[in-house]
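Peer 1: generate coordinates for the sequence data below:
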Amino acid sequence: MHFTVEEENLICMYHNADRRRTIGKITAALPDMDGDMRALARQTITKLEAMTDADFDGQKFLFTDE
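Peer 2: Model (predicted):
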C-alpha cells in the first residue's frame, strides 16, 4: 500500500500497537480535526482498512518534516 507523506505523518502521530488500534485513535480524533485534516484522516483510514494486519506490521511509517 502506498501512503502519501501526509498520510504517513498522520499515521505516525496516531500509531498504536496495531492497525486496528491506530484506526481507532485516528477515528476518535476526527471530531477535533478541521475539514482538510478530517478529509486526510478519512482517506488514511480507508487505506488502513484495506490493508491486512500483516501488511501493516511490515510497513515502516516514517515521520517526515517537509
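Peer 1: drop to CA atoms for contacts and neighbour counts, all remaining ones
Peer 2: OK.
Peer 1: the protein: helices as residue ranges?
Peer 2: Assigned by DSSP state H, the helices in the chain fall at 5-14, 19-29, 35-50, 53-58.
Peer 1: nearest to residue 65, out of those?
Peer 2: helix 5-14 (8.5 Å; Cα to Cα).
Peer 1: quick one: mean pLDDT for the closest one?
Peer 2: Helix 5-14 shows an average pLDDT of 96 in the prediction.
Peer 1: elements contacting it?
Peer 2: For helix 5-14, the elements it packs on are helix 19-29, helix 35-50, judged by 3 or more Cα pairs under 8 Å, 6 or more residues apart in numbering; DSSP states H and E.
Peer 1: can I get stretch 1-10 in PDB, CA atoms only?
Peer 2: Taking C-alpha atoms only, stretch 1-10 is exported to PDB below (Å, rounded to 0.1, in the frame of the first residue of the first chain):
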ATOM      1  CA  MET A   1       0.000   0.000   0.000                       C
ATOM      2  CA  HIS A   2       1.300   3.400  -0.900                       C
ATOM      3  CA  PHE A   3       0.800   6.300   1.500                       C
ATOM      4  CA  THR A   4       1.500   9.900   0.900                       C
ATOM      5  CA  VAL A   5       3.900  11.800   3.100                       C
ATOM      6  CA  GLU A   6       0.900  13.500   4.800                       C
ATOM      7  CA  GLU A   7      -0.800  10.200   5.400                       C
ATOM      8  CA  GLU A   8       2.400   8.600   6.800                       C
ATOM      9  CA  ASN A   9       2.800  11.600   9.200                       C
ATOM     10  CA  LEU A  10      -0.700  11.200  10.400                       C
END
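Peer 1: report the distance from it to the chain centre.
Peer 2: Remark: stretch 1-10 is offset 7 Å from the chain centroid, using Cα atoms, centre = their mean, to the nearest Å.
Peer 1: so what's the residue lying closest to residue 63 once chain neighbours are set aside up against?
Peer 2: Nearest residue to residue 63, sequence neighbours excluded (Cα to Cα, 6 or more residues apart in numbering): residue 9, at 4.9 Å. Shown in contact with residue 9 (Cα atoms under 8 Å, 6 or more residues apart in numbering): 61, 62, 63, 64.
Peer 1: that's all I had, so thanks and see you.
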